[in-house]
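Novice: sequence first, predicted model second:
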Amino acid sequence: MKPQAFLAPQDMSLAETRDLLAVARNLQKNPLRRDLAGKTIGMIFFNPSLRTRTSFDVAMNHLGGHAVILNVGGEGTWTLEYREDIIMDGDKSEHIKEAAQVLSRYVDAIAIRAFSAGTSWEEDRREQIHRAFAAYATVPVINMESQLHHPCQSLADIKTIEDRIGDPAGQPLLVTWGWHPNPLAMAVPNSIVMEAAKFGMEVRLAHPPGWELDSAVIETAGTLAEGAGGSLRIYNNFEEALPGARAVYAKSWGSITHYGDPQQQRAAAAPYRDKWRVTLEHMERTDNAFFLHCLPIRRGIEADAAVLDAPCSAVYDEAENRLHVQKAVLLRMLA
Ligand code: CP
């Protein structure tokens, strides 16, 4: 039987996610266990990380296991090829077909972060590095952020929402784009919209015209929301979505329209600088909402420093929750 892969929020049903959050809350109270003694996770990074790297490493440690961290390229591990049936006369030294099967002989799970943007969204949305590892590994595969999803982040997000306001069903959550000097990955907004829809939240997604999320993600999220008694509505002005919001999730992401052309993205986004930045005055127009961001965040860019430092900010709880939910994911997939 093919081992499990956790690549997207929809790989876990609502009931499974609720069970997992219950385990995460127990682990928050009783952090140290030995369930994963003798087990190892191989963590492969094609992109930098502070939270993901540290929280997974600490999570394995708390559960009695061990993490091996591999940075792809440079002084780390060999550069990796994902394309099938290719003569490897380019700059890649090893194929994922070999890497995944060899690592599977050493470790009990493989976790991958690879979200670098190429030139084509149609190509990148296929998450080919993650899919190649999932195809060839003979151990469970965990997504630590791909081009399309960041499911461990959205688990931490939904736990933070439950911790603050109880049952998320029917509660209005505003997920708003923010201006940023660089086009960023879409994984975080995709996953939180999907997760919140799964929990039946009233999801308000706000972005300027041209910053639409992937249409298949929106379609799936809409179906999930409808099935759970929630809703998904899109706004082109985030200020219209503030009244009644119980949580405000700010995050910048790149435009699919100008995908692969950072200069064009910057030019198109320029008129939105300062207009699409969350301030305390915006937070005051909500229903006593708290503020979420996956971090890292540039202060004064996606949100004012005053928002991050205010009592309404939940960003440090949100980051802490990465540790608790990932321990629950590791127990589920490895124990
Ligand atoms: N939120 C998040 O994934 O943080 P890092 O990029 O630092 O891992």
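Specialist: It's in.
Novice: write out the residues of the stretch 101-250 of the chain neighbouring the ligand.
Specialist: Within reach of the ligand by C-beta under 6 Å from any ligand atom, the stretch 101-250 of the chain has these residues: Glu145, Gln153. Just so you know, the C-beta spots here come from the backbone N, C-alpha and C atoms, and that holds for glycine as well.
Novice: which residue is it, in the stretch 101-250 of the chain, that comes closest to the ligand?
Specialist: Gln153 (5.4 Å; C-beta to the nearest ligand atom).
Novice: so that residue touches Asn190, yeah?
Specialist: No: in this structure, Gln153 is not within contact of Asn190 by C-beta atoms under 8 Å, at 10.4 Å.
Novice: against Gln263, how distant is Ile110?
Specialist: According to C-beta to C-beta, to the nearest Å, Ile110 stands 36 Å off from Gln263.
Novice: out of these two, which sits in the more crowded spot?
Specialist: Ile110 (28 against 8; other C-beta atoms under 10 Å).
Novice: show me what the helix or strand containing the more buried one is packed against.
Specialist: Assigned by DSSP states H and E, Ile110 belongs to strand 109-113. Counting by 3 or more C-beta pairs under 8 Å, 6 or more residues apart in numbering; DSSP states H and E, the packing neighbours recorded for strand 109-113 are strand 40-45, helix 96-106, helix 128-136, strand 141-143, helix 315-334.
Novice: winner for burial among those?
Specialist: When these are scored by mean count of other C-beta atoms under 10 Å, the highest mean neighbour count falls to strand 141-143 (a mean of 26).
Novice: any regions of this protein where pLDDT drops low?
Specialist: Low-confidence segments of the chain (pLDDT under 70): 1-3.
Novice: kindly recompute the last result at 90.
Specialist: For the chain, the stretches with pLDDT under 90 are 1-3, 74-75, 116-118.
Novice: hmm, back to that, strand partners of the strand holding Ile110, parallel vs antiparallel please.
Specialist: strand 40-45 (parallel), strand 141-143 (parallel) (DSSP bridges).
Novice: just confirm yes or no for the longest one near the ligand.
Specialist: Yep, that's strand 40-45 we're talking about. No: judged by C-beta under 6 Å from any ligand atom, strand 40-45 stays clear of the ligand, getting no closer than 9.2 Å.
Novice: quick one on the thing from earlier: who are the contact partners of the nearest residue to the residue of the stretch 101-250 of the chain closest to the ligand once chain neighbours are set aside?
Specialist: Nearest non-adjacent residue to Gln153, counting by C-beta to C-beta, 6 or more residues apart in numbering: Cys294, 5.2 Å away. By C-beta atoms under 8 Å, 6 or more residues apart in numbering, the residues touching Cys294 are His150, Gln153, Asp157, Val188, Lys251, Glu318.
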